[in-house]
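[1] Generate a structure from the sequence data that follows.
(4 chains)
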Protein chains: 2
Amino acid sequence: MPTIKDVAHHCGVSIATVSAVINDADWVPHSTRARVMEAIRALNYRPNRLAQSLKTRRSFTVGVIVSDITNPFYTDIVRSLSHELRKHERSLVLCDSNHSFQIGEENYRMLLEKQVDAVVLIGDCVRKEDVEEFVTENPQMPVVAIERDYGIEGITKLLVDSEQGAFDATMHLIEQGFTRIGMISGPLTGPGSRSYGRLNQYRGFRRALQVGGVEFDSRFVVDGDFRFSGGQTAMRRLLKFADPPEAVFAANDLMALGAMEVARSAGLRIPNDLAIIGYDDIPIAAHTSPPLTTMAIPKTEIGNAAAHELLRHLESERPVGPVRRIFAARLIVRESAIFRLQERLERAS
Amino acid sequence: MPTIKDVAHHCGVSIATVSAVINDADWVPHSTRARVMEAIRALNYRPNRLAQSLKTRRSFTVGVIVSDITNPFYTDIVRSLSHELRKHERSLVLCDSNHSFQIGEENYRMLLEKQVDAVVLIGDCVRKEDVEEFVTENPQMPVVAIERDYGIEGITKLLVDSEQGAFDATMHLIEQGFTRIGMISGPLTGPGSRSYGRLNQYRGFRRALQVGGVEFDSRFVVDGDFRFSGGQTAMRRLLKFADPPEAVFAANDLMALGAMEVARSAGLRIPNDLAIIGYDDIPIAAHTSPPLTTMAIPKTEIGNAAAHELLRHLESERPVGPVRRIFAARLIVRESAIFRLQERLERAS
DNA sequence: TTGTACGCGTTATCAC
DNA sequence: GTGATAACGCGTACAA
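    Numbering: from 1, shown residues only, chains lettered A, B, ... in the order given. Predicted structure coming up:
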C-alpha cells in the first residue's frame, strides 16, 4: 500500500504539498497539483482514513446499535440512515444487541473505543443507566435514540406517537359506522411492551371511543403478544362472546393477520361480518385477502431524520442542542375495515 | 479522553508498562499490574483502537456490502455474521449498495481506505470487473462472496444450490403422488434473475420430472417476478387451461402466496384441489392457511460460515486458500402440498 | 523489570 | 508557493 510519502517522493514534492492537494487547499498551483494527481493515479494511492482520523480526531463513522436487525422496521430505518450517511461521506458500523443489554453495553463501549463520531440507538438495546453513564462521560458526542425514550437529557429522541396512531385507527372504525369495537393489544409487561413503545396504544383506543361517542366494553380488550399466534388466540376469545365485536383494532399487523385467519376459519367474512384494522403496514398487508387496512410508520422518514440530526451536530462548528421529535403513523385504507352498508341493510331486513 | 500517557503518569510507570498490561504481556509483575489497572479504572481510560490499528496494521473491522439490507435473507445473514464477529472482537461496517453497482464500487473503495481486515459481498452488489480489480490490487485481503458466484479465483464463495432445492421441492410433489405439475419460475432476465442466483431452479424442476418419471408439459411453466402479484398473474394463466396442473412449485414463497390467493378465490381448496410448494420459508409461510410447504435456505449457517472463513484467514499466521461452499435448501413439510388420497378416491368415485 | 525513542500515515503550523 | 517538523495515541525494539 503506497503512502503519502511515496507519492511525495514519486513526484519530487513534500508530503505537505500532497496533503494539501488531497484536502484541496486553495493555494496549490495548478501545475504542481496536476503532477501530484498524476503520481496518485500512477501509484494508485489511497489515503489511509485511520491515520487521517487519528490526526483530525474525526472518524467519519457513526455507530449504530439495534436491538434486532431482523425487525423490518429497524431494517428500514438502518437502510435509510445508511444511505443518508453515505451521501455525506460517513460510514456506519452496525451492532445487533440481540435483545441483550449486556451485548448492547459492550457494543457501546466498543464504538467509543473506535472513536465513532456519533451513536444511534434503535429500539431497546442498552440499559438506561449505561446510556446515562456514557453520555455524561462523553457530553460532546451526539446520541440519537429511536423508538425508545430513555428520558435522558442531552440526547436526541425520535419517537412514534402510538397513542395518536391507535386513536386514528380506532377513529377510522368509528367513522365507518362501527359501534361494537374490540382491541387486540400488545403485551402488558415484558420486553415487547417497552421496546415497541406501544404502551400508549390502549390509551389512544380509549380516547377514540370517548371522542367518537362509542361505548367502551372492557370484555372486548384482549392482550396478545405481537405475534401471529397471539392474534389467533385473542380472536378466538373474542368470538366466544354471544355478542362479539363487529370491528377489531389489532396493535400490530401480525396479530391482525392471525385474527383474520381465525375469523375466516369461523366462517366470518371480512369486512362484511367482521372488520379488522392493523398497525405497522408490513409488506404482506397489501396482499392479504382482503388487503389489510392499517397504520403505516414513517420508517424512512425516521432514518432520514436520524441522519439529519446527526449531521447537524457533526457539520456545525459549535454543539447543537438535542431534539425530541414525534412522528405520526399514517392511515392506509385498504379493504379489511370497510363498512358495507348495503350488505348490512340486507342482513337487517 | 485520557490517553495511555495519562495512565502512565498517574501511577508513576512508563507507557510501555501500561501497554504491556493492556495487551497482557506475561512479564508484568502482579503488583505493578494491579497499580496500572487501578489507574485505568480511576481515569476511566479506554485504549484508542484507531491508534492501535494504525500501529498494528489491523483494524479488527470487517466490511460488508449488501445489495439490499431489507431483503430478509440478507438481513439474517448479516445478523449471524455480526454475532460471530462480535464473539471474536471484530466489528462490522455495513454498506447497502441499494442495487447500484456504482454505490457498491464506492463502498468497496471506502472500505479499503478505512483499512478493513476483510470484505464480505452479499448479493449482486459490485460489478465483477471491479471486484477483480480490487482483489488483484489487494491479494492479501480475504474476500467472501455470498449468493453470487463472481467466478473469480482467490475469493471465497458461499452459494445455495438452487438446482438441488428445486429438484427436492418438485420431487416432494412427485413422491406425494402428483402427476400434473406446474412451475411458477423467477424472471428469466433482469436483475432478479442473477441476484437471487436462481437460474438453476428450472433445471432442477426438469430433472426431478425426468427422474420421477413424470411427463413435462411446457404450458405449465409460467414465469413470475418473485413478487406476490407475479404469483397471482401466473396462477391465473395456469388456471385458464382446461386441464390445469394439480400441483405447482413456485420459485419463491411470495409468488406461492399469490398463487394460493388466486386459487382460493377461484374456489379451489388447498391442497385438496391444488397443491402448492414454495421456496424460501419466509416467516409468514408457517402461518398461512394452510401453512405453506416450502424450502428453507440455511441463512444462519451461511452467515456463520462467512464469519468462520474470514476468521480462519484473519487469525492464522499465513494466508489460507479460498473456499467454495455450496449449501443445500431444506424441505419444510407443512400442509399446502399434502396428497389427500381419501379425498381423491371419493372424488373419483 | 522499566523507561526511551522511534515509527505507523496523516494533518497543521510555521518558517523560508 | 513550498518544505520541514511537531503532533495524534499507541506498540515495541532496545537500552538501562
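[2] from here on, contacts and neighbour counts on C-alpha atoms
    Noted.
[3] Surely residue A:318 is in a helix?
    No - for residue A:318, which was evaluated using DSSP: H, G, I helix; E, B strand; the rest coil, the result is coil, with no helix membership.
[4] Look up how far residue A:54 lies from it.
    Using Cα to Cα, to the nearest Å, we find residue A:318 at a distance of 21 Å from residue A:54.
[5] Looking at the two, which is more packed in?
    When neighbours are counted by other Cα atoms under 10 Å in any protein chain shown, residue A:318 and residue A:54 differ, and residue A:54 comes out ahead with 16 against 9.
[6] Model confidence score at that one, please.
    Residue A:54 is assigned 90 on the pLDDT scale.
[7] For it, which three-state class applies?
    helix.
[8] which residues are there in chain A that come within reach of DNA strand D?
    Contacts of chain A with DNA strand D, taken as Cα under 7 Å from any atom of the strand, map to A:12-17, A:27-29, A:32, A:51, A:54-55.
[9] how about a cut-off of 6 Å?
    Within chain A, the positions near DNA strand D by Cα under 6 Å from any atom of the strand are A:13-14, A:16-17, A:27-29, A:32, A:54-55.
[10] three-state assignment of the residue in the stretch 201-349 of chain A positioned nearest to DNA strand D?
    Closest contact between the stretch 201-349 of chain A and DNA strand D, by Cα to the nearest atom of the strand, is at residue A:314 (18.5 Å). Put simply, residue A:314 is helix when judged by three-state DSSP.
[11] Run a quick neighbour tally on it.
    Residue A:314 has 18 neighbours, counted by other Cα under 10 Å.
[12] my read: it touches residue A:140, true?
    No - look at residue A:314 against residue A:140 with Cα atoms under 8 Å: they stay out of range, at 10.3 Å.
[13] Over to the closest residue to residue A:70 other than its chain neighbours: give its phi and psi.
    Sequence neighbours aside, residue B:75 is the residue nearest to residue A:70 in space, at 5.9 Å (criterion: Cα to Cα, 6 or more residues apart in numbering or on different chains). The phi and psi values for residue B:75, taken as degrees, to the nearest 10, are phi -60, psi -50.
[14] Identify the residues contacting residue B:75.
    By Cα atoms under 8 Å, 6 or more residues apart in numbering or on different chains, the contact set of residue B:75 is A:69-70, A:75, B:69.
[15] Quickly note the distance from it to residue A:144.
    As judged by Cα to Cα, residue B:75 and residue A:144 stand 23 Å apart.
[16] same question, residue A:83
    Residue A:83 is 17 Å from residue A:144, by Cα to Cα.
[17] Show me the shaky parts of chain A.
    Scanning chain A for pLDDT under 70 picks out the ranges A:189-198.
[18] ok, 80 please
    Across chain A, the ranges flagged by pLDDT under 80 are A:188-199, A:317-319, A:340-349.
[19] At the contact with DNA strand C, which residues of it appear?
    In this structure, chain A approaches DNA strand C at residues A:3-5, A:15-16, A:19, A:23, A:46-48, A:51-52, A:54-56, judged by Cα under 6 Å from any atom of the strand.
[20] Among those, which lie within helices?
    The helices, defined by DSSP state H, take in A:4-5, A:15-16, A:19, A:51-52, A:54-56 from those.
[21] tell me, which of the residues you listed make contact with chain B?
    Contacts with chain B are made by A:51, A:54 out of those, judged by Cα under 8 Å from any Cα of the partner chain.
[22] got the residue ranges for the strands in the stretch 1-150 of chain A?
    A:61-66, A:91-96, A:118-122, A:143-146 (DSSP state E, counting those that start in this stretch).
[23] Reformat the ones you listed as JSON lines; add distance to residue A:238.
    Output for these, formatted as JSON lines (distance: least, Cα to Cα, whole Å):
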{"stretch": "strand A:61-66", "distance to residue A:238": "35"}
{"stretch": "strand A:91-96", "distance to residue A:238": "37"}
{"stretch": "strand A:118-122", "distance to residue A:238": "34"}
{"stretch": "strand A:143-146", "distance to residue A:238": "34"}
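[24] Count the neighbours of residue A:77 for me.
    Residue A:77 has 23 nearby residues by other Cα under 10 Å.
[25] Break chain A into its domains for me.
    A:4-47, A:58-160+A:298-327, A:162-297+A:332-348 (automatic domain parsing).
[26] What subset of the residues of chain A next to DNA strand C is buried?
    A:4, A:15, A:19, A:46-48, A:51, A:54 (16 or more other Cα atoms under 10 Å in any protein chain shown).
[27] Farthest pair within the residues you listed?
    The span of these, defined through Cα to Cα, is set by A:15 and A:54 at 17.2 Å.
[28] follow-up on the earlier one: which of the ones in helices among the residues of chain A next to DNA strand C sits closest to residue B:327?
    Residue B:327 lies nearest to residue A:51 out of those, by Cα to Cα, at 40.2 Å.
[29] got a list of what the closest one touches?
    By Cα under 8 Å, 6+ apart, the residues touching residue A:51 are B:50-51, B:54.
[30] how does it look with 7 Å?
    Counting by Cα atoms under 7 Å, 6 or more residues apart in numbering or on different chains, residue A:51 touches residue B:54.
[31] Tell me how far it lies from residue A:58.
    10 Å.
[32] Name the residue of chain A with the shortest distance to chain B.
    The minimum distance from chain A to chain B, using Cα to the nearest Cα, falls at residue A:93 (4.2 Å).
[33] For beta bridges, what are the partners of that residue?
    Beta-bridge pairing for residue A:93 (DSSP bridges): residue A:63, residue B:93.
[34] Pretty sure it sits against residue A:62.
    Yes - here residue A:93 reaches residue A:62: they are 6.3 Å apart, a contact under Cα atoms under 7 Å.
[35] List the contacts of the residue lying closest to residue A:83 once chain neighbours are set aside.
    Nearest in space to residue A:83, with sequence neighbours left out and distances taken as Cα to Cα, 6+ apart, is residue B:96 at 7.3 Å. Counting by Cα under 7 Å, 6+ apart, residue B:96 touches A:79, B:65-69.
[36] Could you report the neighbour count for residue A:24?
    By the criterion of other Cα under 10 Å, residue A:24 has 12 neighbours.
[37] How much space separates it from residue A:37?
    11 Å.
[38] for residue A:93, same thing?
    Residue A:93 sits 31 Å away from residue A:37, going by Cα to Cα.
[39] neighbour-wise, which of these two wins?
    Neighbour count, other Cα under 10 Å: between residue A:93 and residue A:37, residue A:93 has more, with 23 against 16.
[40] Mind exporting the C-alpha coordinates of stretch A:142-154 to CSV?
    Extracted in CSV, the C-alpha atoms of stretch A:142-154 (Å, rounded to 0.1, in the frame of the first residue of the first chain):
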residue,chain,number,x,y,z
PRO,A,142,-24.2,13.3,19.6
VAL,A,143,-26.6,10.4,20.6
VAL,A,144,-29.9,9.7,18.8
ALA,A,145,-32.4,7.3,20.4
ILE,A,146,-35.0,5.9,18.1
GLU,A,147,-38.3,4.2,19.3
ARG,A,148,-37.3,4.3,22.9
ASP,A,149,-37.5,7.2,25.2
TYR,A,150,-34.7,6.9,27.7
GLY,A,151,-35.8,10.1,29.4
ILE,A,152,-32.2,11.3,29.4
GLU,A,153,-31.4,15.0,28.9
GLY,A,154,-28.9,15.8,26.2
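[41] start to end distance for stretch A:48-68?
    One end of stretch A:48-68 to the other measures 32 Å (Cα to Cα).
[42] oh sorry, the question was meant for stretch A:140-155
    Calculated as Cα to Cα, the first-to-last residue distance of stretch A:140-155 is 10 Å.
[43] how about that stretch, does it reach chain B?
    No - shown here: stretch A:140-155 not in contact with chain B (Cα under 7 Å from any Cα of the partner chain), separated by at least 11.2 Å.
[44] buried sites along that stretch?
    Buried residues in stretch A:140-155 (16+ other Cα under 10 Å): A:141-150, A:154-155.
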